[in-house]
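[1] no sequence on hand, only this structure:
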């Protein structure tokens, strides 16, 4: 059994994004898609000073429209967005138990010269996966398949990587043609994710749907990884297989 998950690289993604990756044996970055301002491709949320989610945004140029080609806008008044992000991380999390190592990780990537949004996002995600000791395979869709179309492309990617199960997010049930997977002897499973509760800022329970960075600031990587892989080890999330 080989489980494959596929997703666009979002900016400092939430816990559910990483849960999906850790439930898979192989994770495929999908970058050749249309950029969507309503998704989380260039934004995320962290714990705000007023105990509400605070949005962090990567400024972008309007064109081109493909995510893989989306250029970061460094022109004024956006030229200091990196410094602003780092200041917000420092002000909010400076007393968190794992602040030093997580902040250093963030600072390293922010200091790199990323012209494209996707390279920035992938650099962050890969650093976070390394810190959390992800042991699966990471690949890129453009290196595997040139087929377009929501379901057809996913089927081709999973088939070419010898996957037996495609792990989709819950929303996949609204558009996936499961018969197309079945024709290739591929089963479809839908992610079952229950948000963890952990002690965060002000010793209160965490806010949900924040960037994974929030949890990483407060708990050790071993504890986080144990949560992310738990359902995979018991196969409870494959109830429809």
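    Yep, it's here. Just so it is clear, the structure is predicted and the values come from calculations on it, not from any experiment. Numbers count the residues shown, from 1 in each chain.
[2] what sits closest to the residue at the greatest distance from the centre of the chain if chain neighbours are left out?
    Relative to the C-alpha centroid of the chain, counting by C-alpha atoms, centre = their mean, residue 183 is the outermost residue, at 29.2 Å. Nearest non-adjacent residue to residue 183, counting by C-beta to C-beta, 6 or more residues apart in numbering: residue 155, 7.9 Å away. No exception for glycine: its C-beta is placed from N, CA and C like everyone else's.
[3] then residue 16?
    Excluding its sequence neighbours, the residue lying closest to residue 16 (C-beta to C-beta, 6+ apart) is residue 193, at 4.8 Å.
[4] repeat for residue 121
    residue 9 (4.1 Å).
[5] how deep is that neighbour tucked in, by neighbour count?
    Other residues near residue 9 come to 23 when the count uses other C-beta atoms under 10 Å.
[6] next: residue 101.
    Around residue 101 there are 13 residues (other C-beta under 10 Å).
[7] how close does it get to residue 221?
    Distance of residue 101 to residue 221, given as C-beta to C-beta, to the nearest Å: 9 Å.
[8] residues shared between the contacts of the two?
    residue 131 (C-beta atoms under 8 Å, 6 or more residues apart in numbering).
[9] where do the helices sit along the chain?
    15-22, 81-93, 99-110, 117-131, 150-160, 178-182, 212-218, 221-234 (DSSP state H).
[10] redo those as TSV? Include mean pLDDT.
    Formatted as TSV, these follow (pLDDT from 0 to 100):
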stretch	mean pLDDT
helix 15-22	97
helix 81-93	97
helix 99-110	98
helix 117-131	98
helix 150-160	94
helix 178-182	95
helix 212-218	97
helix 221-234	84
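[11] which of those sits most buried?
    helix 212-218 (a mean of 24; mean count of other C-beta atoms under 10 Å).
[12] now what about that one, what contacts it?
    Contacts for helix 212-218 (C-beta under 8 Å, 6+ apart): 12-15, 17-18, 44, 46-47, 89, 93, 96-99, 102, 106, 128, 131-132, 196, 198-200, 206-207, 224.
[13] the closest residue in space to residue 17 that isn't next to it in sequence: how many residues sit nearby?
    Nearest residue to residue 17 in three dimensions, chain neighbours excluded: residue 10, at 6.3 Å (C-beta to C-beta, 6+ apart). Using other C-beta under 10 Å, residue 10 has 20 neighbouring residues.
[14] coming back round to it: please list all residues in contact with the residue nearest to residue 183.
    Residues in contact with residue 155 (C-beta under 8 Å, 6+ apart) are 166, 180, 181, 183, 184, 186.
[15] and it, how far is that from residue 85?
    38 Å.
[16] now residue 3
    Taking C-beta to C-beta, one finds residue 3 at 33 Å from residue 85.
[17] what pLDDT is listed against the residue nearest to residue 17?
    For residue 10, the pLDDT comes out at 98.
[18] wait, it sits on residue 16?
    No: look at residue 10 against residue 16 with C-beta atoms under 8 Å: they stay out of range, at 10.6 Å.
[19] picking that back up, the contacts of residue 155: which two are farthest apart?
    166 and 183 (12.8 Å; C-beta to C-beta).
[20] okay, the nearest residue to residue 185 once chain neighbours are set aside: pLDDT?
    Ranked by C-beta to C-beta, 6+ apart and with sequence neighbours excluded, the top spatial neighbour of residue 185 is residue 164, at 7.4 Å. pLDDT for residue 164: 97.
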